[in-house]
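> Build me a model from this:
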Amino acid sequence: MRALTSLLLSAWLAVSAAQAPPVADRALLMAAEAGRAELVAFALDQGASPDARDGRSGGPTALMLAAHGGHSEVIDLLISRGADVNAADSAGVTPLMLAAGGDHYGSVRALVAAGADPNATEVNSGNTALMAAAGNLSGYDIAVELIGAGASAGARGRDGFDALMAAARRCRVRTLELLLLNGADPGNVTGDGRTALMLAAQDGAADCVGRLLDAGAPANAPGGDGGSALARAVAGGHAAASAALLAGGADPDGPGRGGQTPLMIAVRAGHAALVDALLRAGADADARESSTGNTALMLAANLGRGDLVERLLAAGADPAARAAHGWTAAEAARMVGEEGLAQRLEEAAAPPR
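Numbering: from 1, shown residues only. So this is what the prediction gives:
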């Protein structure tokens, strides 16, 4: 099929030479996207512009199509024939952004060597090539190239997102350390309240959590609707990341989504080991959910989790406490047919004789 495509495209160019450059431009775009350097050269020889764009005004150039596919041989050829390495489409996307985001290290090197601007930004997001690359498998090597060419490690998109956050959410440890070394700020916050630490925590990336805390990342940033870093780690059932956060000074009662504490989140998810870790760290066993007045004990009772009920009672949870609608933990157990558990809670709530 590839040989047939090559033959057909070559024949089309030869037959259509009288109509060049429009036909040659279209053929160039097709060849660049396919990574066919010999056909790119033929199209250029037939009069195609090295900066030909895909039909639409502001559409991608041949160099952008090659960069998106990581076709380094085509990129080298287009650059040698005068292609503009900084030509962007209508969204402000450049060949360098496409190569970086596609994890194409060789293509990034070629574009950087030809003078591609490492600090160009997309029109809508404000993101840079470094932000596009930082979370990828080859992100470290690409980041070295980009920073070496002058890319700002601390640049932020329009929503506050930065390359450190991109590295943190996939825990690319070497890239994260490189960015910190070159001035990335672990305290940056996006418009919706996320930090790099929160992104690492919700992914369960204990290594990156520890490195960010060591670099001064705030352990107790509120985190908007998603809650604190600890609440996010607990919601994912990530014991190691939660332990790292608690050791780094995270508040065991730092709020999570919907006004829940990490302890409530752990109880709801049935994570007994996390319940134990939070209680050891001093979590308030009687903290109230903001919307309902529920406590962790009520939640455990309503789930029929006698093991968690016993842990919470041992930690001093009040079995007589009432939710906003008036029920107690015993009544919450009875709602789901847990009569034995309800009686245990009533006995715990009874005044001593």
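> hey, let's count contacts and neighbours off CA atoms from now on
Fine.
> And the residue lying closest to Thr195 once chain neighbours are set aside, how far from Pro255?
Excluding the flanking residues, the one nearest Thr195 by C-alpha to C-alpha, 6 or more residues apart in numbering is Val189, at 4.9 Å. Per C-alpha to C-alpha, to the nearest Å, Val189 is found 17 Å from Pro255.
> The two: who's more crowded?
Per other C-alpha atoms under 10 Å, whichever of Val189 and Pro255 has more neighbours is Pro255, with 29 against 21.
> mind listing what the more buried one touches?
Neighbour list for Pro255: Pro222, Gly227, Ser228, Ala231, Thr261, Pro262 [criterion: C-alpha atoms under 8 Å, 6 or more residues apart in numbering].
> How much space separates it from Ser125?
In terms of C-alpha to C-alpha, Pro255 sits 29 Å off from Ser125.
> about what we covered before: restricted to strands, list the contacts of Pro255.
In strands, judged by DSSP state E, none of these are found.
> which of these has the weakest pLDDT?
The member of the contacts of Pro255 with the lowest pLDDT is Pro222, at 87.
> Pretty sure that residue sits against Thr195.
No. Counting by C-alpha atoms under 8 Å, Thr195 is not a contact partner of Pro222; they are 9.6 Å apart.
> Looking at the two, which one has more neighbours?
Per other C-alpha under 10 Å, whichever of Pro222 and Thr195 has more neighbours is Thr195, with 31 against 19.
> Does the more buried one touch Asp185 like I think?
No. Contact criterion C-alpha under 8 Å: Thr195 and Asp185 do not qualify, at 10.0 Å.
> Now do the end-to-end distance for stretch 91-99.
Its start and end residues considered, stretch 91-99 measures 16 Å (C-alpha to C-alpha).
> now it: how far from the chain's centre is it?
Mean-position distance between stretch 91-99 and its chain equals 19 Å (C-alpha atoms, centre = their mean, to the nearest Å).
> all helices of the stretch 101-250 of the chain, in order?
Here the stretch 101-250 of the chain has its helices, by DSSP state H, counting those that start in this stretch, at 105-113, 129-133, 139-148, 163-169, 173-181, 196-202, 206-214, 229-235, 239-247.
> And for Leu164, nearest residue in space, chain neighbours not counted?
Leaving out its chain neighbours, the residue that sits closest to Leu164 by C-alpha to C-alpha, 6+ apart is Leu176, at 5.9 Å.
> got it, and Ala163?
That would be Met131: by C-alpha to C-alpha, 6+ apart, it lies 4.1 Å from Ala163.
> got the contact list for that neighbour?
Asp162, Ala163, Leu164, Ala166.
> what do you get for Ala240?
Shown in contact with Ala240 (C-alpha under 8 Å, 6+ apart): Gly204, Ala206.
> Quick check, Ala239 in contact with Leu274.
Yes. When contacts are counted by C-alpha under 8 Å, Ala239 is listed as touching Leu274 (6.3 Å).
> what about those two, which has more around it?
Set Ala239 next to Leu274 and count neighbours by other C-alpha under 10 Å: Leu274 wins out with 24 against 17.
> Make sure that one is indeed in a strand.
No. Under DSSP: H, G, I helix; E, B strand; the rest coil, Leu274 sits outside any strand and is assigned helix.
> Pull up the gap between it and His238, please.
From Leu274 across to His238, the span is 8 Å (C-alpha to C-alpha).
> now swap in Gly59 and tell me
44 Å.
> follow-up on the earlier one: just the pLDDT for the residue nearest to Thr195.
Val189 is given a pLDDT of 96.
> How about Arg353?
On pLDDT, Arg353 comes in at 69.
> what residues are up against Ala239?
By C-alpha under 8 Å, 6+ apart, the neighbours of Ala239 are Gly204, Ala233, Ala273, Leu274.
> biggest separation within these, which pair?
Greatest spatial distance in the contacts of Ala239: Gly204 and Ala273, 15.2 Å, computed using C-alpha to C-alpha.
> the more surrounded of those two?
Higher neighbour count among Gly204 and Ala273: Gly204, with 25 against 12, using other C-alpha under 10 Å.
> Strands of the stretch 201-350 of the chain, residue ranges please.
Using DSSP state E, counting those that start in this stretch, the stretch 201-350 of the chain contains no strands.
> Can you pull out the low-pLDDT segments for it?
Across the stretch 201-350 of the chain, nothing is flagged by pLDDT under 70.
> rerun that using 80 as the cut-off
Along the stretch 201-350 of the chain, the model assigns pLDDT under 80 to residues 223-226.
> is it true that Val74 touches Leu39?
No. Judged on C-alpha under 8 Å, Val74 makes no contact with Leu39 at a distance of 9.6 Å.
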